[in-house]
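Q: Sequence and predicted model, in that order:
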Protein chains: 2
Amino acid sequence: MNGIHTHRFNNGFRLALEERSTLGVSLELHLPFGSALDPEGKAGLSALVAEWIFRGAGPYSAQDLLNRLDDLSTGRGSGGVSSEHMPFKTSCLPEHLEAVLHLLGVVLREPQLQASELRSLKALALADLETMQDSPADQAQLLFREALLGKGYGHYASGTPESLKSIRHRDAVKHAGRLSLEGAVLTVVGPLDWERLLDTVNSIFGDWQAAAPEFPTAHLNPPFQMHQPSPTQQTHILLAHPAFRPSDPEWYAFMLAVNVLSGGSSSRLFDEVREKRGLVYGVHAGIQVIRDVAYLQTYASSSPGKARETLQVTLEVIAGLKNGISAAELQHARTGVLSDLIMSGENSRSRAAQMARDLWRLGHVRSLKEIQQCVEKVTLEQVQATLEGWTPELLGLFTLGQEALHVS
Amino acid sequence: MNGIHTHRFNNGFRLALEERSTLGVSLELHLPFGSALDPEGKAGLSALVAEWIFRGAGPYSAQDLLNRLDDLSTGRGSGGVSSEHMPFKTSCLPEHLEAVLHLLGVVLREPQLQASELRSLKALALADLETMQDSPADQAQLLFREALLGKGYGHYASGTPESLKSIRHRDAVKHAGRLSLEGAVLTVVGPLDWERLLDTVNSIFGDWQAAAPEFPTAHLNPPFQMHQPSPTQQTHILLAHPAFRPSDPEWYAFMLAVNVLSGGSSSRLFDEVREKRGLVYGVHAGIQVIRDVAYLQTYASSSPGKARETLQVTLEVIAGLKNGISAAELQHARTGVLSDLIMSGENSRSRAAQMARDLWRLGHVRSLKEIQQCVEKVTLEQVQATLEGWTPELLGLFTLGQEALHVS
């Protein structure tokens, strides 16, 4: 097992390194800055700021920044914002790491925030909205999320044409002022010396004192059934059911149960909905985590004529989980999860991402061995007890397509 | 550098291993079986057979097979078919590899091909077609490909509702009889002993003698401009230009030039079309290779009002490549390509895929070091000479959206 180091700086910034004898370095930086912070009527503002800071910072023009990042063969690494964080994911050669961190420091701490860039940034966001509207599956996902979580955690990060129009330069400057490292995490995987990394990160970020923006509390709306009429070929179906959270003691048992529901190709949903009945090409269930809230999300799309049966069978299979799983199913699920853990753990990029999720959600980084042991020691009795304590209540049904579906 | 072993069996099957001290094993198996072999009027037949062979084989029922594969935590690994091959991509623990290969052997050599499965297989293919029709970007890509390559290499692997309807049990049985290992490749990355792997593969596949199906020759249709009216939000634009092939001496120089066009975030297309003008959210160019044919494919989508400018700027940027690139641009591109090579080379799955592509296209596996040296030794003069010998002729323009676009 490789060594894991972690440190919390005085400004609330947390750093973790897993030493590995790889040729490259992978890193993830997550800042507490996301669309849940968008002010009323200004949806899209956080995502816009996430693009804006790369349009010139410190002594560098936008073109300088991109050239320098390309020189370091690291790319921007920015994927906009989620509702709760602004991530940078990148890889580079070990000898370039300090220069990459230096550039990220300049971008985050000294963005030029030029008014002249706003027009093209808004045009980009509008283009993203249009792309979205050409994809019913993505559109259904967004509308479902908004119905389930409400504005804030539920609205689309790129905003709306109206909200983008209402964003002024002063709004954006003020909002960019909320960038902070308090609660931010940086995870690094590679052949690095911990003391030296600590010094580097400290010299770039250690003296940045700024309080973290205050996030609203995330919550699920009351159960709903909603339909969005759309002239699509398929009916897109999204479901929400309760789930345990990563910090709950039931987490590993529940995660394995969900794997029985929708993990490998012998999983219950795949078998009942796709293989036995040919109702859909794909069907998938997974646990979604947004701050302190978790839910089980299921997605399927089928032709309108088969949508009712697809919904019915899917709901039955989910509800059937309540009755428990077999020893053989637990064994399949465990093998699958452990194998994924090994394979993705060997990939530095996946490992840096996993470490960042841990540090963000749990406040500490689990070693691969620790996760492995937690998965291995789950007993069939624990899974059954967990499922007995779980209610397959329908928290949300969202359909997009030609005809609405309802559940009584 | 790790050791690479290769072997060609008497039946024309090629095996390659790159020894690595990883915990897991990654493998890719590519068979010469794809939608270009679909008989006239029976488009979708090859893809259907690729699903069918997993619906029971040898002594195993469909459910047995999925359970066994899940037990080995390897999944089916099947991604249907492309026009020219049927791939299996999977990972497993080293101790499971022999069992995984044994199962693949049974699936490929002793499929049950039960008539009773055809109905659900056709339903699945129809569901896939419907999913596709709900995604204008994918639909545009498919129609573009058919216009450029014609039926055979150009038609969609899942077929059409009509062609699926016309498929009979006897067609499918006959078509499944064309499965062969002649020209097939298996690449493996992991902590394995070469002699033992050779023995295992030989015992499972060595005595399977069957001539490879004869593929048609791939070719590009004469230059075309085509529009598909569609009530989409965006205009989806696809372009084809000439490109060099992996087996051409100009390959590395041209690949670096294309990286200048559309590689990192300082690339010309990204900069001119997205960053400077905000015309599109994304724009991308890349080299497509289909058997002996290669072309440069560019995709952009923009709002209808900006589509004309997007097309014009994109064409200008592509044509501008003919005038050469700067030393700084070559340096950026080289650093980017080398860094990607290192990072993806460290990932066993990517490496197994790269090895399979090499063995399939070039007949041998390049080591990472070999690729690295080829990229490093390309001079600016070679790039300029390559671009002088290249014609940015428009081979195809395809648009999908509310209004047609033309180029004079």
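A: Looks like it came in fine.
Q: Let me know how buried the closest residue to residue A:247 other than its chain neighbours is, in neighbour terms.
A: Leaving aside its chain neighbours, residue A:247 sits nearest to residue A:362 (6.4 Å; criterion: CB to CB, 6 or more residues apart in numbering or on different chains). C-beta: built from backbone N, CA, C; applies to glycine. Counted with other CB atoms under 10 Å in any protein chain shown, the neighbours of residue A:362 add up to 11.
Q: tell me the pLDDT at residue A:362?
A: The score at residue A:362 is 92. That number is its pLDDT.
Q: go on, the one 5 residues further on?
A: Among the per-residue scores, residue A:367 shows a pLDDT of 94.
Q: Give me every residue in the stretch 251-400 of chain A lying close to chain B.
A: A:263-266, A:271, A:274-282, A:301-303, A:328, A:331-332, A:335-336, A:338-340, A:342-343, A:345-349 (CB under 8 Å from any CB of the partner chain).
Q: Out of the residues you listed, list just those in strands.
A: Using DSSP state E, the members of those that fall in strands are A:301-302.
Q: Is it possible to mark the buried ones in the residues of the stretch 251-400 of chain A next to chain B?
A: Among those, those that count as buried by neighbour count (16 or more other CB atoms under 10 Å in any protein chain shown) are A:263-266, A:271, A:274-275, A:277-281, A:301-303, A:332, A:335-336, A:338-340, A:342-343, A:345-349.
Q: Pull the number of nearby residues for residue A:207.
A: Neighbours of residue A:207 using other CB under 10 Å come to 11.
Q: and the buried ones among the residues of the stretch 251-400 of chain A next to chain B, which of them are in helices?
A: A:332, A:335-336, A:338-340, A:342-343, A:345-346, A:348-349 (DSSP state H).
Q: Quick check on residue A:178: phi, psi?
A: phi -90, psi 0 (degrees, to the nearest 10).
Q: any weak-confidence spans in the stretch 51-200 of chain A?
A: A:73-79 (pLDDT under 70).
Q: how about 90 then?
A: For the stretch 51-200 of chain A, applying pLDDT under 90 flags the ranges A:63-80, A:90-93, A:120, A:123-124, A:127-128, A:130-134.
Q: Can you show me the helices along it?
A: A:62-71, A:97-109, A:118-133, A:136-149, A:161-165, A:169-176, A:194-205 (DSSP state H, counting those that start in this stretch).
Q: Take those and write them to JSON lines, including mean neighbour count and distance to residue A:87.
A: Formatted as JSON lines, the helices of the stretch 51-200 of chain A follow (neighbours: other CB atoms under 10 Å in any protein chain shown; distance: least, CB to CB, whole Å):
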{"stretch": "helix A:62-71", "mean neighbour count": "20", "distance to residue A:87": "16"}
{"stretch": "helix A:97-109", "mean neighbour count": "20", "distance to residue A:87": "12"}
{"stretch": "helix A:118-133", "mean neighbour count": "20", "distance to residue A:87": "17"}
{"stretch": "helix A:136-149", "mean neighbour count": "21", "distance to residue A:87": "18"}
{"stretch": "helix A:161-165", "mean neighbour count": "15", "distance to residue A:87": "22"}
{"stretch": "helix A:169-176", "mean neighbour count": "16", "distance to residue A:87": "17"}
{"stretch": "helix A:194-205", "mean neighbour count": "16", "distance to residue A:87": "16"}
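Q: need those helices in JSON lines with distance to residue B:320, can you?
A: Listed next are those as JSON lines, based on distance: least, CB to CB, whole Å:
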{"stretch": "helix A:62-71", "distance to residue B:320": "17"}
{"stretch": "helix A:97-109", "distance to residue B:320": "28"}
{"stretch": "helix A:118-133", "distance to residue B:320": "21"}
{"stretch": "helix A:136-149", "distance to residue B:320": "34"}
{"stretch": "helix A:161-165", "distance to residue B:320": "32"}
{"stretch": "helix A:169-176", "distance to residue B:320": "33"}
{"stretch": "helix A:194-205", "distance to residue B:320": "38"}
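Q: My read is that the residue nearest to residue A:247 contacts residue A:248, right?
A: No: using CB atoms under 8 Å, residue A:362 makes no contact with residue A:248, being 11.3 Å away.
Q: and chain A, what are its domains?
A: A:4-205, A:224-401 (automatic domain parsing).
Q: which phi and psi does the residue nearest the centre of chain A have?
A: The centroid of chain A falls nearest to residue A:82 when counting by CA atoms, centre = their mean (6.8 Å). In terms of degrees, to the nearest 10, the main-chain angles of residue A:82 are phi -100, psi -170.
Q: contacting residues for it?
A: A:34-35, A:157 (CB atoms under 8 Å, 6 or more residues apart in numbering or on different chains).
Q: Most neighbours among those residues, please name it.
A: Counting by other CB under 10 Å, top hit in these: residue A:35 with 27 neighbours.
Q: Next up, the contacts around residue A:261.
A: A:267-269, A:285, A:317-318, A:321.
Q: One more pass at 10 Å, please.
A: A:267-270, A:284-286, A:296, A:298, A:317-318, A:320-321, A:325, A:329, A:333 (CB atoms under 10 Å, 6 or more residues apart in numbering or on different chains).
Q: try residue A:311
A: Residue A:311 touches A:235, A:237, A:239, A:279, A:300, A:302, A:397, A:399, A:405-407, counting by CB under 10 Å, 6+ apart.
Q: Out of those, which end up buried?
A: Looks like the contacts of residue A:311 have A:235, A:237, A:239, A:279, A:300, A:302, A:397, A:399, A:405 buried, using 16+ other CB under 10 Å.
Q: Hmm, which of these is lowest in pLDDT?
A: residue A:279 (86).
Q: Next, the residue nearest to that residue when sequence neighbours are not counted: secondary structure please.
A: For residue A:279, ignoring the flanking residues on the chain, the nearest one in space by CB to CB, 6+ apart is residue A:310 at 4.6 Å. In three-state terms, and counting by DSSP: H, G, I helix; E, B strand; the rest coil, residue A:310 is helix.
Q: same deal with residue A:359?
A: helix.
Q: That one against residue A:18, yeah?
A: No: with contact defined as CB atoms under 10 Å, residue A:359 does not count as touching residue A:18 (11.5 Å).
Q: what residues do those two have in common as contacts?
A: Contacts common to residue A:359 and residue A:18, judged by CB under 10 Å, 6+ apart, are A:6, A:187, A:365.
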